[in-house]
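Colleague: What would the 3D arrangement of this be:
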Amino acid sequence: MVVVAEAVVVAEMVAEAEKEEEKEEKEDEEDEEKDEEDEEKDEKKEEVEEAETVVEEAEAETAEAEPVEEEAEAETVEEEAVPEVPEEAELEEPEESFSDPEDFVDDISDEELVGDLLKDQPEEADGIDSVIVVDNVPQVGPDRLEKLRNVIQKIFSKFGKIANEFYPEADGKTKGYIFLEYSSPTCAVDAVKNADGYKLDKQHTFRVNLFTDFDKYMNISDDWEIPEKQPFKDFGNLRHWIEDPDCRDQCSIIYESGDRTAIMWNDIKEPVVIEERARWTETYVRWSPKGTYLTTFHQRGIALWGGEKFKQIQRFSHQGVQLIDFSPCERYMVSFSPLMDTKDDPQAIIIWDVLTGQKKRGFHCESSAHWPIFKWSHDGKFFARMTQDTLSIYEAPSMGLLDKKSLKTCGIKEFSWSPGDNVIAFWVPEDKDIPARVTLMQFPTRQEMRVRNLFNVVDCKLHWQKNGDYLCVKVDRTLKGIQGLVTNFEIFRMREKQVPVDVVEMKEGIIAFAWEPNGSRFAVLHGEVPRISVSFYHVKNNGKIDLIKVFDKQQGNSIFWSPQGQFLVVAGLRSMNGALAFFDTSDCTLMNVAEHYMASDIEWDPTGRYVVTSVSWWSHKVDNAYWMWTFQGRLLQKNTKDRFCQLLWRPRPATLLSQDQLKQIKKDYKKYSKIFEQKDRLSQSKASKELVDKRRRMMEEFHKYRELTTQTYAEQKPQRLELRGGVDTDELDSNVDDWEEETFEFFVTEEIIPVGDQE
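Modeller: Next comes the predicted model:
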């Protein structure tokens, strides 16, 4: 048993030893395989590196070789250095050739391909491009020549460096014209552009031209070519809406967050749509001052629309335009875009000719925070711009500086044109010991009409009455011993000699101020919430300003006068929840108090009969609608539009009637009122209006039928005469002599039927 057990143990030991040997052999084989794989990888890596090195050397050699030899050497290097190309690569198609065919004709000019680059390429010049000729120069002798040279240098050196100058002489005096050569043609062009028309004195106004212009104008052909006749575009009657028989006004409405725009008639019952379009404008719309044009805004520029069908009349290309302004005469339009603006070609602000669509002039703009940057005179002949310490006045249609110079006014803060005259009012703050002052200056003479010195001034605001009869300067100032600000209203009487000034002092804070458009009254909102008061003042001819009446405990932050005066609305817009108060200033009565919750805008119609309050989607995202009120404060309509944005009344041009004719119409009010009352009664209900229209149509159809039958009857008269033997029977009394009298007898029998009780 012991021997068997030992044998078993030995066998197990032998088996374990054999297993260990097998494991060791397997591990050795795996190690050998790994070593072989690593060696293969290293060999492949070395082959790739050698191939890359050979290719780089081949490329370097081909770069130095001739173009003809490049292809051959490259192919040789690739055959020697690059490893064998797989069969799939050999089957690839050759690369496509982009070379032009032999019979190709290039018909595209360089100007079409790279015109923007060729524009800036240098041009050959013989030097005369930098020479200008200045005419109307004073003729002086040798004793005054040096002084003339200094004056010319001072005027023309600001356009660039003057390299040469020549003063022709005859009989001991200059000839009245000179030649100046600049260092570059650009300087010469600037000199012509800015110095032409420069007024040296009363007798000498420079005329400046390029020397090269003489050759250009000398070579003008004597044969006159008839200009091509331009086709006439009929846009219809641009003021057709004024001829409406019911004397209605038009308004523009934007809704659906700006996607839809509609033009409507203002009707007592409900608005009547005239024109409605989708995506007519990309932002908002605006009417021109006289209502002739409707302006729409687009990414690429501005479009003007007008006529009965609102056709496109004009368009102006101004990329990214955001703001516009019209001259009062509608002849010019100013547009602003914050996009790219170049130094050589100003594009931020452009002045356009509305009739031709041509660009008149461009200006740079640093900031558009105070729009409009250019302010127009009442007749559109002048426009002005304020920069630091400078007031620049330009004249139309040349769009050049008035008298070629600006008005230097240190510290100027604000300016404004009179609505009735070519007069500018501006104010300058205090500077050390120099008091603040308000100046009235007349143009184009630049004569100072009135200067008013003011002390302890913090701020000033200029308020013109609509006709330019009065100017109110609201002056906020500080006084010793009084905390806070005290406000004075300096009232300038523009129509009186030496422009006298009256003063109204207010010790409370001023919320709003507004002149009556056609009158001598003004309204002031003053105080603090909740003690807000509205006061009415009257400027009398005897030099006194009377306080007419004060209404306490009002809720408002804005004043809106009717365009015709007498009536006004005091409104608490936005944060004051749309409180409305309607006043009649003829007897200073409060006619009505109402509310349009969250109202953001108020617009009077041009006649002063209706006023609209609205909640714009642009300022408030809910309850968007506009409500129509009478001037007395009676609610007429509630019009709800999806995401309503804007309502603007179409302005009316100034009346062509004289003052005497207007007075006569006012005297005949009773006669006209009967006609209007009759129309109002007919339009009181929609049913009666439809019935009247139906009867009118039937009457018109009857008259047309009657005219047609009468004409047919007259045309058939020869046939009737022929059938009746020439006897005209169209008239009852015709041919009385040919009548024959006949007597007819009728036998009548009488039958009596007794009626009564029968027994």
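
Colleague: Quick test: name the residue nearest the centre of the protein.
Modeller: Geometric centre of the chain, nearest residue: Ile324, 3.0 Å, by CA atoms, centre = their mean.

Colleague: Could you check which helix or strand contains it?
Modeller: Here Ile324, judged by DSSP states H and E, is contained in strand 323-326.

Colleague: That strand packs against which elements?
Modeller: strand 332-336 (3 or more CB pairs under 8 Å, 6 or more residues apart in numbering; DSSP states H and E). Where you see a C-beta, it was placed from the backbone N, CA and C, and this is true even at glycine.

Colleague: Show me what the mean pLDDT comes to for stretch 384-395.
Modeller: Looking at stretch 384-395 alone, the average pLDDT works out to 93.

Colleague: Endpoints of that stretch, how far apart?
Modeller: End-to-end span of stretch 384-395 (CA to CA, to the nearest Å): 9 Å.

Colleague: Wait, Asp341 touches Ala348, no?
Modeller: Yes - with contact defined as CB atoms under 8 Å, Asp341 and Ala348 form a contacting pair (4.4 Å).

Colleague: Show residues contacting the strand holding Ile324.
Modeller: With CB atoms under 8 Å, 6 or more residues apart in numbering as the test, strand 323-326 has contacts from 286, 288-289, 295, 297, 302, 332-336, 354, 368, 371-372, 374, 376.

Colleague: CA atoms only: put that strand into CSV for me.
Modeller: Provided in CSV are the C-alpha atoms of strand 323-326 (Å, rounded to 0.1, in the frame of the first residue of the first chain):
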residue,chain,number,x,y,z
LEU,A,323,-34.0,107.6,-38.7
ILE,A,324,-35.3,110.2,-41.1
ASP,A,325,-36.4,113.8,-41.1
PHE,A,326,-38.1,115.9,-43.8
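
Colleague: Adjacent strands (with direction) for it?
Modeller: As defined by DSSP bridges, the strand partners of strand 323-326 come to strand 332-336 (antiparallel).

Colleague: Just the residues contacting the partner strand, thanks.
Modeller: Strand 332-336 is contacted from outside by 301-302, 316, 318, 321-327, 348-354, 360, 365, 368, 371-374, 380, 396, using CB under 8 Å, 6+ apart.

Colleague: All the helices of this structure, in order from the start?
Modeller: Applying DSSP state H to the chain gives helices spanning 2-64, 67-81, 87-90, 110-118, 142-156, 185-195, 212-218, 659-667, 669-682, 686-715, 717-723.

Colleague: on that earlier part again, give me the distance between the residue nearest to the centre of the chain and Glu740.
Modeller: In this view, Ile324 and Glu740 are 89 Å apart by CB to CB, to the nearest Å.

Colleague: got it, and Val475?
Modeller: 107 Å.

Colleague: more crowded one of the two?
Modeller: Val475 (25 against 4; other CB atoms under 10 Å).

Colleague: Wait, the more buried one touches Asn453, no?
Modeller: No - the criterion here is CB under 8 Å, and Val475 misses it with Asn453 at 11.4 Å.

Colleague: Where do the strands of the stretch 201-350 of the chain begin and end?
Modeller: 207-210, 250-255, 260-265, 272-278, 285-287, 294-298, 301-306, 311-317, 323-326, 332-336, 349-353 (DSSP state E, counting those that start in this stretch).

Colleague: between the fourth one and strand 301-306, how many degrees?
Modeller: Counting by axes from the mean of the first three to the mean of the last three CA atoms, to 10 degrees, strand 272-278 points 150 degrees away from the direction of strand 301-306.

Colleague: neighbouring strands for strand 272-278, and are they parallel or not?
Modeller: Here, using DSSP bridges, strand 272-278 pairs with strand 260-265 (antiparallel).

Colleague: quick check: mean pLDDT across the partner strand?
Modeller: pLDDT averaged over strand 260-265 gives 95.

Colleague: Compute the inter-axis angle for that strand and strand 250-255.
Modeller: Strand 260-265 runs at 160 degrees relative to strand 250-255, counting by the same axes, to 10 degrees.

Colleague: Please renumber the chain so that the first residue is 40 from this point on.
Modeller: Okay, residue one is now 40; in that scheme the one you just asked about reads as strand 299-304.

Colleague: Between strand 333-337 and strand 299-304, find me the angle.
Modeller: 180 degrees.

Colleague: Export only the CA atoms of strand 299-304, formatted as PDB.
Modeller: Provided in PDB are the C-alpha atoms of strand 299-304 (Å, rounded to 0.1, in the frame of the first residue of the first chain):
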ATOM      1  CA  ARG A 299     -49.100  94.300 -41.300                       C
ATOM      2  CA  THR A 300     -49.700  97.900 -42.200                       C
ATOM      3  CA  ALA A 301     -53.000  99.500 -43.100                       C
ATOM      4  CA  ILE A 302     -54.300 102.900 -44.300                       C
ATOM      5  CA  MET A 303     -57.800 103.700 -43.100                       C
ATOM      6  CA  TRP A 304     -60.500 106.300 -43.300                       C
END
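
Colleague: How about residues contacting that strand?
Modeller: By CB under 8 Å, 6+ apart, the surrounding residues in contact with strand 299-304 are 283, 287-294, 310-320, 324, 333, 335, 349.
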